[in-house]
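J.: mind folding the following:
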Amino acid sequence: MSHPDYRSSTERVLTWLDGATLHIRFNNPSRHNALSADMWEAVPPLLDAARGDDRVRLVVFSGAGGKAFVSGADISQFEDMRAAREAVTRYEAMAEGTLMAIHDFPKPTLACISGYCIGGGVNVAISCDIRIASDNSVFSIPAARLGLGYRYSAMKNLIDLIGPGAAKDLFFTARRIGAGEARALGLISRSSTVDELPALLAEYTQAIAENAPLTVAAAKAITTEILKPSPELDLDRCTALIRGCFDSEDYAEGRTAFMQKRKPVFVGR
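T.: This next block holds a predicted model:
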């Protein structure tokens, strides 16, 4: 087969092949790499191409500019894309499709985090197999400050990774944590200084390039089987709960307060 050239569909996602590693870099630094619609949509075709490319042993996600991995959704699109019921459905489906494409990709994936990793950034990171970070990184899941409904798959990924207690702590409080606490919780595997992060990343790219790809792929696939949900899961209830958040007065208040840079006043309906 001919080799893909990995051209991104948007200039806000950069790609290049370095040896056995495909790099996908979010490139919206003026907004701390907040994810716009075109950025979400650019990722699945790149992964589709990498899936069948024997040159690729690892996919690394990172953020441009050094100040952020991903800081969440692009605020400039927030009102237009997430306000109306149809827009919410479209946005959620788009984000879910990209996150599941990362999660279900059969080869190893790694999030190389420097700076802000907030909301959707955490979702991208926990969809990857491995997370490393610089010691100036900051993590937060601020959904409860916005009145957002959070997808089952994103909650499950977080709970599978750090456990229900730590997940509820971060989710209920929406507090920010540093790389040290993130490492202690298991949210990231390892951390380093900013200057040493490229060397830490190189350690992973070299090791995975040299290791047996069938063995690695088998381990990833078996882990996925182990973590599959229980047959008692009521997914319809989960979907209804999320829908209720997005249909609520509190979501409208959270969105408005966010745009006005003030604290929201939630009433629980």
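
J.: so where is the stretch 51-200 of the chain shaky, pLDDT-wise?
T.: Low-confidence regions of the stretch 51-200 of the chain, defined here as pLDDT under 70, cover residues 75-85, 87-88.

J.: show me where the stretch 151-269 of the chain has helices.
T.: Along the stretch 151-269 of the chain, the stretches classed as helices by DSSP state H, counting those that start in this stretch are 152-162, 164-173, 179-185, 197-210, 213-226, 235-246, 249-260.

J.: verify the contact between Ser134 and Arg190 for me.
T.: No - using C-beta atoms under 8 Å, Ser134 and Arg190 do not qualify as a contacting pair, with a distance of 10.6 Å. No exception for glycine: its C-beta is placed from N, CA and C like everyone else's.

J.: between those two, which one's more packed in?
T.: For the pair Ser134 and Arg190, the greater number of neighbours falls to Ser134 (21 against 14), based on other C-beta atoms under 10 Å.

J.: wait, what's in contact with the more buried one?
T.: Shown in contact with Ser134 (C-beta atoms under 8 Å, 6 or more residues apart in numbering): Ile113, Ser114, Gly115, Ala179, Ser191, Ser192, Thr193, Val194, Leu197.

J.: is it bridged to anything, and to what?
T.: Legend: beta-bridge partners of Ser134 under DSSP bridges are Ser192.

J.: what's the answer for Ala68, then?
T.: According to DSSP bridges, the partner residues bridging Ala68 are Tyr116.

J.: any idea how far Gly254 is from Tyr116?
T.: The spacing between Gly254 and Tyr116, counted by C-beta to C-beta, to the nearest Å, is 20 Å.

J.: distance to Arg7 and mean neighbour count added to the helices of the stretch 151-269 of the chain, as CSV?
T.: Formatted as CSV, those follow (distance: least, C-beta to C-beta, whole Å; neighbours: other C-beta atoms under 10 Å):
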stretch, distance to Arg7, mean neighbour count
helix 152-162, 29, 18
helix 164-173, 37, 15
helix 179-185, 33, 18
helix 197-210, 22, 15
helix 213-226, 25, 12
helix 235-246, 35, 14
helix 249-260, 34, 16
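
J.: quick revisit: report the buried members of the contacts of Ser134.
T.: Those of these that meet the buried threshold are Ile113, Ser114, Gly115, Ala179, Ser191, Ser192, Leu197, by 16 or more other C-beta atoms under 10 Å.

J.: next one: Ala133 from Arg183, what distance?
T.: Between Ala133 and Arg183 the distance is 8 Å, computed by C-beta to C-beta.

J.: common neighbours of these two, please.
T.: Shared contacts of Ala133 and Arg183, counting by C-beta under 8 Å, 6+ apart, come down to Arg190, Ser191.

J.: show me which of the contacts of Ser134 is closest to Val265.
T.: Using C-beta to C-beta, Gly115 is the member of the contacts of Ser134 that sits closest to Val265, with 30.5 Å.

J.: helix, strand or coil for Leu17?
T.: strand (DSSP: H, G, I helix; E, B strand; the rest coil).

J.: quick one: residues contacting it.
T.: So Leu17 contacts Tyr6, His23, Arg55, Val56 (C-beta under 8 Å, 6+ apart).

J.: which ones among those residues map onto strands?
T.: In this view, the contacts of Leu17 that belong to strands under DSSP state E are His23.

J.: out of the contacts of Leu17, which is most surrounded?
T.: Of all these, the most densely surrounded is Val56 (23 neighbours; neighbours counted as other C-beta under 10 Å).
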